[in-house]
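A.B. asks: Structure, please.
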Amino acid sequence: TDYLPVRESQVKEEIVFVLHSINDCLIVFFRGQVLVAMCVGVLLTFGFLLIGLEYAILLGVMAGLLGIIPYLGVALSIIPAFILAMIQFVPDDGWFKPILVLVWFAAVQAMEGLIISPKIIGDRVGLHPLTIIIAVMVGTTLLGGIMGGVLAIPLTAALRTLMFRYIWRDRVHAEGESIAM
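C.D. replies: I've put the predicted structure just below:
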C-alpha cells in the first residue's frame, strides 16, 4: 500500500482491497496445486509399486514434483517411467507391464483432472468443481494451450473476486434487506 502511486483516498483503499483479494486467491491456488501434485505423486507411486516397477518411489516423487507444472510435468514424468518399464519388463514378460504403466498414468491423470484438482482447488479457491473444469477448457481454447490451462483457474478466481465486489454486491445487499423486512 505504501508503494501504490495514488494518494490516500477511497479509490486507493478499493484498489488495495481488490489486489489483496486477488493475491490471496493466487496464493491459495498455488498451494492447492502443490497439494494436487503431491496426491498425483502418491497415486503414481502406489500404482508403480503394485506393477512392480523398480525405482517406483523415485519415479512417483519425480512425477509429484514435476506435477506442480500442469500438463508439462506429466509429459516429462511419463517418459522415464515408460522407458524404465520397457527396460525392466519387455525382455522377459513382454509389453503388458509397460502398457500397464501408460494405462495407470492415464487413469491417474483422469482422476486428477476430473476429481482431485477440481475438488481440492475448487474448495480452496472457492470455485465449484464444474466451474474449474469449464475454466480450464475455455482457458486452453481461448488463451492457447498449456499457458491458457495454467492461467485459467487464477484468472477465474480473480474474476470471481471482482464480480463479488462490484457486480453481485448490490444484489446480495438487496436480498439481505428483503429478508430483514
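A.B. asks: Where does the residue nearest the centre of the chain fall, secondary structure wise?
C.D. replies: The centroid of the chain falls nearest to Gln33 when counting by CA atoms, centre = their mean (4.5 Å). Here Gln33 sits within helix 10-51, counting by DSSP states H and E.
A.B. asks: Show me where this structure has its helices.
C.D. replies: 10-51, 56-66, 72-93, 96-111, 117-125, 129-142, 145-162, 169-180 (DSSP state H).
A.B. asks: now stretch 148-159: how far from the chain's centre is it?
C.D. replies: Put simply, stretch 148-159 sits 10 Å off its chain's centre (CA atoms, centre = their mean, to the nearest Å).
A.B. asks: Could you do stretch 69-77 as well?
C.D. replies: 12 Å.
A.B. asks: could you give the mean pLDDT of it?
C.D. replies: Averaged across stretch 69-77, pLDDT comes to 76.
A.B. asks: and for that stretch, what are the contacting residues?
C.D. replies: For stretch 69-77, the external contacting residues (CB atoms under 8 Å, 6 or more residues apart in numbering) are 33, 37, 40, 44, 59, 62-63, 65-67, 105, 109, 146, 149-150. Just so you know, the C-beta spots here come from the backbone N, C-alpha and C atoms, and that holds for glycine as well.
A.B. asks: now those residues: which count as buried?
C.D. replies: In the contacts of stretch 69-77, burial by neighbour count holds for 33, 37, 40, 44, 59, 62-63, 66-67, 105, 109, 149-150, counting by 16 or more other CB atoms under 10 Å.
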